[in-house]
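>>> Build me a structure from this.
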Amino acid sequence: MRVLYLLNVSNSGQLSADSGFTFADMLAPALTDAGAEVTVASPVPAGDARVHFAPTVSPSTKYRARFDPGMDALVTLIRDRRPEVVVANQIEAAPATRAALLEARVDALLVGYCHYLPFSFTDTGVLELDPAMSDRGLGRSVLLAFAAGLGACDRVLVHSSTAASWTTAAAARTGVDLGDKLHIVPAPRDVRLVRDPADITPPEGRATGIYNHRLYKHYGTARFTQLARRLIADAPVRLTVMDLFGTRSPERIRLDPSPERHLEELATTDGVTIASDRGDRIRYRNLLAGAHFGIAPFRPGCPWSMSVIDCQAMGLPVISPRTGWLAEHIDNELLFDTAEQAVQIAQRLATDAEFYLVHAKRANASTAGLTPAAVAARYVEAIK
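Numbering: from 1, shown residues only. Prediction:
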């Protein structure tokens, strides 16, 4: 099976902050092990030399990634590689990919992987557009482009049951019938970020929490900042906050300056340490190993989080607001609805060794089925 994997890399200078690239970098070799011939079309190659590489240009903005797929280059690429399966990693580009397949006269299965949903649903079923994709009112257009992508695909893959439910509901509201083409294929865990729970030592009365998510406004960073102050004031807790972006381009800052603002505020908060892995996964592992628990983002439209999986694979319990996929995936004893509940959970993790070790083991076990080989098997089954 010849697979052409079309990968949008949003920031080739900060690959450690690009979950889509990390996903592909782990999945492509596992698909190769499963017998596929994989070509990753991307601005940067996957790390495994067995995976073929077709260089592409990184889109300068998140909107170009959705509305400017580069048809001429796409047709040329498809004619050159003659794939049997094409994976459109940017779901909004799927209609253009279908048109390119027609123009190139290549009959391939078109698969869309919904790494990101530009919408979410409230508990009462109200569809809410993601503000990160709605500058100058573009959110509705992005939603319709996403729906058009769903309609163009032969298979649609999502990370979780929550994502499947939301995607199905959004498709129905925009007149797209998904039929039986929707499949749940979770992302693989990073084999470099797996720790034996037997090697984990519980905190001794004081714990370090780590927040390893992008500091965008739409991730609920303001709510996290408020919680950080409460945790530090009311629980025996100190916090490490990851600076995942470093220095961003002026164009990206112009579109959304919120990460820089939030980082500056957090850097001046007593009890908070700002850390960077500098793009080094070993340094990232060491930062996780130096913490005792993780904190999930406050992002309403969270259908999945690689950063949460990173923490759990390392045996770090993750405390989380009760929302989206987080409520589906994280142990109920670690979910909270109020800051007071979050403080109580953090305090117990810091002072109750038995409670801590139980949840450290549960966290690690929740990722046991996410080995690259297991995920690749599910991927192959879904795209047959």
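
>>> distance of the most far-flung residue of the chain relative to its centre from Val241?
Taking CA atoms, centre = their mean as the measure, the residue most remote from the mean C-alpha position of the chain is Arg105, 33.6 Å away. In this view, Arg105 and Val241 are 51 Å apart by CB to CB, to the nearest Å. The way it works is simple: take the backbone N, C-alpha and C, and place the C-beta from them, glycine included.

>>> and what of Glu381?
39 Å.

>>> before we move on, what about Ala163?
27 Å.

>>> Could you do Ser165 as well?
31 Å.

>>> Between those two, tell me which one has more neighbours.
Between Ser165 and Val241, counted using other CB atoms under 10 Å, Val241 has the larger neighbour count: 25 against 15.

>>> Only C-alpha atoms, please: export the helix or strand hosting Ile309 in CSV.
Take DSSP states H and E as the rule and Ile309 turns out to sit in helix 306-313. The C-alpha trace of helix 306-313 is given here as CSV (Å, rounded to 0.1, in the frame of the first residue of the first chain):
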residue,chain,number,x,y,z
MET,A,306,-0.8,15.1,23.1
SER,A,307,0.6,17.1,26.1
VAL,A,308,-1.9,15.3,28.4
ILE,A,309,-0.8,11.9,27.0
ASP,A,310,2.9,12.9,27.5
CYS,A,311,2.3,13.4,31.2
GLN,A,312,0.3,10.3,31.6
ALA,A,313,2.8,8.1,29.8
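
>>> Partner strands of the very next helix or strand once past that helix and their direction?
Scanning forward in sequence from helix 306-313 by DSSP H and E, the next helix or strand is strand 318-321. Partners of strand 318-321 in the sheet, by DSSP bridges, are strand 293-295 (parallel), strand 335-336 (parallel).

>>> could you give me the average pLDDT of the last one?
This points to strand 335-336. In this model, strand 335-336 has a mean pLDDT of 98.

>>> ok, and what's touching it?
Contacts to strand 335-336, defined as CB atoms under 8 Å, 6 or more residues apart in numbering, come from residues Ile319, Ser320, Pro321, Arg322, Leu326, Ala327, Ala342, Ile345.

>>> Which of those lies at the shortest distance from Pro69?
Pro69 lies nearest to Leu326 out of the contacts of strand 335-336, by CB to CB, at 31.6 Å.

>>> Buried residues of the lowest-mean-pLDDT helix or strand in the chain, list them for me.
Least confident helix or strand, the chain: helix 250-255 with a mean of 81, by mean pLDDT, DSSP states H and E. Within helix 250-255, the residues scored as buried using 16 or more other CB atoms under 10 Å are Arg252.

>>> do the same with stretch 55-72
Thr56, Pro59, Thr61, Lys62, Tyr63, Ala65, Arg66, Phe67, Pro69, Gly70.

>>> For Gly149, see how far away the residue farthest from the centre of the chain is.
Look at Arg105 and Gly149: by CB to CB, they are 22 Å apart.

>>> any idea how far Phe224 lies from His159?
Counting by CB to CB - Phe224 and His159 are separated by 22 Å.

>>> so what's the backbone phi/psi at the closest residue to Thr56 other than its chain neighbours?
Of all residues not flanking Thr56 in the chain, Ala41 sits nearest, at 5.2 Å (CB to CB, 6 or more residues apart in numbering). Here is the backbone geometry of Ala41 (degrees, to the nearest 10): phi -90, psi 110.

>>> From Val51, how far off is Ala41?
Ala41 is 11 Å from Val51, by CB to CB.

>>> got it, and Tyr211?
32 Å.

>>> Same check on Arg206?
For Arg206, the distance to Val51 equals 44 Å [CB to CB].

>>> neighbour-wise, which of those two wins?
Each of Arg206 and Val51 has its neighbours counted (other CB under 10 Å); Val51 has more, 22 against 12.

>>> Now do the contacts for the more buried one.
Ala28, Pro29, Thr32, Val38, Thr39, Val40, Pro45.

>>> Could you do Cys302 as well?
Ser120, Ala296, Thr323, Gly324, Trp325, Leu326.

>>> Return a PyMOL selection command for the buried portion of these.
Buried residues within the contacts of Cys302, by 16+ other CB under 10 Å, are selected in PyMOL with:
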select buried, resi 120+296+323+324+325+326
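
>>> Narrow the contacts of Cys302 to those in helices?
Taking DSSP state H as the definition of helices, the contacts of Cys302 contribute Gly324, Trp325, Leu326.
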